[in-house]
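Trainee: need a 3D model of the sequence below.
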Amino acid sequence: HFTRSAMACEFQVFLPYDEAPHLADSAIAGLDLISKLEDQLSVYRPLSEVSRLNGAAHFGPIPVEKRLFALLSRAQAISEATEGAFDITAGPLVKAWGFYRREGRLPTEEELAQALEKTGYRHLQLDSQNQSVHFLREGIEINLGAIGKGYALDRCAELLHELSVHDFILHGGQSSVLAHGRR
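Mentor: You can find the predicted model right below:
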């Protein structure tokens, strides 16, 4: 197995023992992709594409990479289907509850009300023609913590298939697992 720290956990690629020596480069390429996705998706990296959106998308539409746009579109569809039970604009709530810096705390009613004013997938405008994102309210923040690891595993699996790796298990920090193949 091959391991890499990313997204605040250990990602692992498990391959059949007898195939591992000649598939090592493929496993490493998959882990490299996960690292690149963390650079794009993480709210904890000030230069990430998501951090850039969080800082400026309330000023106007910002074009994003096509795969990120597809992820945001999928997340918005899930938000609509769940009537907001899943909401990638929950960044202000994550901060209010102290989860952003892993300091868990009980927010005051005023803090919670302020965070709720800056939350809501309905304030996220996605333009499929221009592949752009616009926040209709200042203070909206995307946080992909609930979907990012699974997305990273899906993308890693896609790459492994392209590299003709068909039997593998991908593990993302004891919360997300993807297995493929007969072995």
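
Trainee: CA atoms of whatever helix or strand residue 27 lives in as CSV?
Mentor: Here residue 27, judged by DSSP states H and E, is contained in helix 20-41. Only the C-alpha atoms of helix 20-41 are listed here, as CSV (Å, rounded to 0.1, in the frame of the first residue of the first chain):
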residue,chain,number,x,y,z
ALA,A,20,2.3,-3.6,-6.7
PRO,A,21,5.9,-3.4,-8.0
HIS,A,22,4.9,-2.5,-11.6
LEU,A,23,1.9,-0.3,-10.5
ALA,A,24,3.7,1.8,-7.9
ASP,A,25,4.0,4.8,-10.3
SER,A,26,0.3,4.6,-10.9
ALA,A,27,-0.5,4.6,-7.2
ILE,A,28,1.9,7.6,-6.7
ALA,A,29,0.2,9.4,-9.5
GLY,A,30,-3.2,8.9,-7.8
LEU,A,31,-1.8,10.3,-4.6
ASP,A,32,-0.3,13.2,-6.4
LEU,A,33,-3.7,14.0,-7.9
ILE,A,34,-5.2,14.0,-4.4
SER,A,35,-2.6,16.5,-3.3
LYS,A,36,-3.4,18.7,-6.3
LEU,A,37,-7.1,18.5,-5.4
GLU,A,38,-6.4,19.5,-1.8
ASP,A,39,-4.6,22.6,-3.3
GLN,A,40,-7.7,23.4,-5.3
LEU,A,41,-10.5,22.6,-2.8
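
Trainee: counting by contacts, list what that helix packs against.
Mentor: strand 2-6, strand 9-14, helix 49-56, helix 148-162 (3 or more Cβ pairs under 8 Å, 6 or more residues apart in numbering; DSSP states H and E). Using the backbone N, CA and C atoms, a C-beta is placed for each residue, glycine as well.

Trainee: for the most centrally placed residue in the chain, give its distance to residue 120.
Mentor: Centroid-nearest residue in the chain, with Cα atoms, centre = their mean: residue 148, separated by 2.2 Å. Counting by Cβ to Cβ, to the nearest Å, the gap from residue 148 to residue 120 is 20 Å.

Trainee: before I go, just wanted to say thanks for your time.
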